[in-house]
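I'll drop the sequence and a predicted model, then ask my questions.
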Amino acid sequence: MSVIKFDQVVRQLGEFGPYQKRIYFLLCYNMFVSAFQKMIWVFVAANPPHRCRLPEDDHNNSSNPYSFPTDVLNASIPWNSKLNRWDSCSMYTDANRTGIVRCDRFVYDHSQYETSVVSDFQMVCDRQWISATTVSLQMGGEFLGAICLGVLSDRYGRKLVMVISAFMQTVFGVVTSFSVNVYMLIV
């Protein structure tokens, strides 16, 4: 019995020609776009330091509105002794520090991140769940897409479905970057 070597099999089947290069490019392109859409969330969804937007912030003209005099912060925002910093989600209702309310407007520290999805769509405090839900819905969409596209590729061919899938991923990836609200980002 003769031993068949790998090089002999490759020569018999044919070298890495234009067709194989095209298929390889399609496979790599699809994987690149998919991986990019998963990994970009690590960078665009950074959670910058934030605090409640105080009435005094409307008159604050500094280059970094997040920084504020300590005496104003002490009088306006409760101290969180567990985290050893001012609370980022609540503030006092009055100067007497009698009541505490949850914030609905925030000021972000832009020293490390100019902007992020979290700061653009206010995904902090009570709305922090939106960021995790967005990633979960993306993964659920990929799961359903894998099932549906698998059935479609059996019916219409893998190459056609893969090209259409890559095109849709590219288009929706670009459209997502122009989201004007959270719901557009999720869909």
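Yes, it's here.

can you give me phi and psi for the residue nearest to residue 119 when sequence neighbours are not counted?
The shortest distance from residue 119 to any non-neighbouring residue, by CB to CB, 6 or more residues apart in numbering, is to residue 108 (4.5 Å). Where you see a C-beta, it was placed from the backbone N, CA and C, and this is true even at glycine. Main-chain torsions, residue 108, degrees, to the nearest 10: phi -110, psi 150.

Next: residue 93.
Torsion angles, degrees, to the nearest 10, at residue 93: phi -80, psi -30.

coming back round to it: and for the residue nearest to residue 119, the neighbour number?
22 (other CB atoms under 10 Å).

quick one: contacts for it?
Residue 108 is in contact with 48, 49, 50, 66, 119, counting by CB atoms under 8 Å, 6 or more residues apart in numbering.

Who wins on neighbours among those?
Busiest of the contacts of residue 108 [other CB under 10 Å] is residue 119, holding 21 neighbours.

wait, is it part of a helix?
Yes - residue state for residue 119 (DSSP: H, G, I helix; E, B strand; the rest coil) corresponds to a helix.

Surely it and residue 44 touch.
No - with contact defined as CB atoms under 8 Å, residue 119 and residue 44 do not form a contacting pair (10.4 Å).

which neighbours do these two share?
Shared contacts of residue 119 and residue 44 (CB under 8 Å, 6+ apart): none.

can you list contacts of stretch 95-106?
By CB under 8 Å, 6+ apart, the list of residues contacting stretch 95-106 reads 50-53, 75, 78, 88-93, 119, 122, 124-126.

please redo it, this time with the cut-off set to 10 Å
48, 50-54, 57, 66, 74-78, 87-93, 118-119, 122, 124-127 (CB atoms under 10 Å, 6 or more residues apart in numbering).
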